[in-house]
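Asks: predicted model and sequence below, questions to follow.
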Number of protein chains: 2
Amino acid sequence: MREAYHVELEQLAVNLAGMSVQVADAMERATRALLEVDLGLAEQVISDDVKVDDARAQCEEQAYALLALQAPVATDLRTVLAAIHAAESLERMGDLALHVAKAARRRHPDPVLPEAVRPYFAEMGEVAVKLARSTEQVIKTKDVEAAKTLESDDDQVDDIHRHLFTVLMDREWPHGVAAAVDVTLLGRFYERYADHAVSVAKRMIFVVTGKMPGYGSDDDI
Amino acid sequence: MREAYHVELEQLAVNLAGMSVQVADAMERATRALLEVDLGLAEQVISDDVKVDDARAQCEEQAYALLALQAPVATDLRTVLAAIHAAESLERMGDLALHVAKAARRRHPDPVLPEAVRPYFAEMGEVAVKLARSTEQVIKTKDVEAAKTLESDDDQVDDIHRHLFTVLMDREWPHGVAAAVDVTLLGRFYERYADHAVSVAKRMIFVVTGKMPGYGSDDDI
């Protein structure tokens, strides 16, 4: 019985790591769809999102079954609860990648992004995907130090995001209001995506140490 | 022992209902701060947010203690898990009210909102606060029918939000890019706040029926 139980806990971690890969791939493709004005990639992200939702539902059901049937305590209980939170954050990351893909589709064949802000999004996309891939590693290894490094990557996204705002708020912004609205929302999607990745990592720290590294949001707008 | 346990479950619901009141009050004040350009109210929302974070931490600790010490099953287990999710959503609602208040403070003594969009925000604010207050009732009564009515109120917020976008995207928008950026983000804060209120209500339906009324996000941008 106990052995089957640890197999189930391990399976839950494998599924969560799989969700991290799904949402990293989704954001990678969504970013390329955005930068390269690629409708096919955007459509793929949009149609794949249901798989992330399904994976989340499955993780949650597994977690509930573990709680109901095994009544875990101590570290095992923390692991199951962290999994429930992580699954929620990862699903949300999938939604945010979906929003980026939808923006790319909505404006197709026009590019959503004015040339001047493309580098910001290329960089935010790269760091965001890196964060999601680190999340996968942290879930697999439960490495507290690796989890902590996610915060500095997230700071990088916040910096680019803030910089983007100074570009937008410049009185000389020549691309019109519609583009500014798109850029504002897209910037926010990346920033939130990165925050959720950090939140997953924090939950993993909680599993190992029993202490949550700070409640509240990192969302600094 | 069993009796003490149901007292604790009841106390958890009371605390969650209290969080609903906190975040409803926060959004009510933040909206007034925004509409009436009231710095004092904005400051109050900003300094009160830590209380929401504390209440969330307390709810989560209570829920964890219940799981570890009582190993609830069936409806009681669903109640505790719904409480964990609800606390997360309610904290997020508090953060979104905080963002509205910070926007009001950032532009003070200038108004953030151009006169033309004030009615949209007055209405979104009213419905958002109503949603949070309904959430309090749903937590207290576990009334499935009441929980379902939250969705139609949320549709109202989505409608106003969409309408706001058509105003923003109008080629004749005369208020400049900076105002458009503020209005875009603020609209999104209200829309997300309403979504989270619905999410809390859905979790309460899950407690009663054992079935989640739809995974995935209602966030339709």
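Replies: Looks like it arrived, so ask away. Numbers count the residues shown, from 1 in each chain, chains lettered A, B, ... in the order given.

Asks: once you drop chain neighbours, what's closest to the residue nearest the centre of chain A?
Replies: With distances taken as C-alpha atoms, centre = their mean, the residue of chain A nearest its centroid is residue A:93 (3.5 Å). By the measure of C-beta to C-beta, 6 or more residues apart in numbering or on different chains, the closest residue to residue A:93 outside its immediate chain neighbours is residue A:23, 4.2 Å from it. The way it works is simple: take the backbone N, C-alpha and C, and place the C-beta from them, glycine included.

Asks: thinking that neighbour is in contact with residue A:129, fair?
Replies: No. The pair residue A:23 / residue A:129 is not scored as a contact, 9.2 Å apart, by C-beta atoms under 8 Å.

Asks: follow-up on the earlier one: quick one: pLDDT of the residue nearest to residue A:93?
Replies: For residue A:23, the model assigns a pLDDT of 98.

Asks: can you spell out which helices and strands pack onto the host helix or strand of it?
Replies: Per DSSP states H and E: residue A:23 is located in helix A:2-36. Judged by 3 or more C-beta pairs under 8 Å, 6 or more residues apart in numbering or on different chains; DSSP states H and E, helix A:2-36 is in contact with helix A:39-70, helix A:74-107, helix A:118-141, helix A:176-209.

Asks: who does the first one touch, helix- and strand-wise?
Replies: When contacts are defined as 3+ C-beta pairs under 8 Å, 6+ apart, helix A:39-70 packs onto helix A:2-36, helix A:74-107, helix B:74-107.

Asks: report the angle between the first one and helix A:176-209.
Replies: Computed by axes from the mean of the first three to the mean of the last three C-alpha atoms, to 10 degrees, the angle separating helix A:2-36 from helix A:176-209 equals 160 degrees.

Asks: enumerate the positions of helix A:2-36 that are buried.
Replies: Using 16 or more other C-beta atoms under 10 Å in any protein chain shown as the test for burial, helix A:2-36 gives A:8-9, A:12-13, A:15-20, A:22-35.

Asks: residues contacting residue A:18?
Replies: residue A:55 (C-beta atoms under 8 Å, 6 or more residues apart in numbering or on different chains).

Asks: give me that answer again for 10 Å
Replies: Residue A:18 makes contact with A:51, A:52, A:55, A:58, A:59, A:90, A:136, A:139, according to C-beta atoms under 10 Å, 6 or more residues apart in numbering or on different chains.

Asks: for chain A, which residue gets nearest to chain B?
Replies: Relative to chain B, the nearest point of chain A is residue A:71 (3.6 Å; C-beta to the nearest C-beta).

Asks: from residue B:71, how far off is that residue?
Replies: Going from residue A:71 to residue B:71 by C-beta to C-beta, to the nearest Å gives 4 Å.

Asks: tell me, what's touching these two both at once?
Replies: What both residue A:71 and residue B:71 touch, as defined by C-beta under 10 Å, 6+ apart, is the set A:77, B:77.

Asks: thanks a lot, see you next time.
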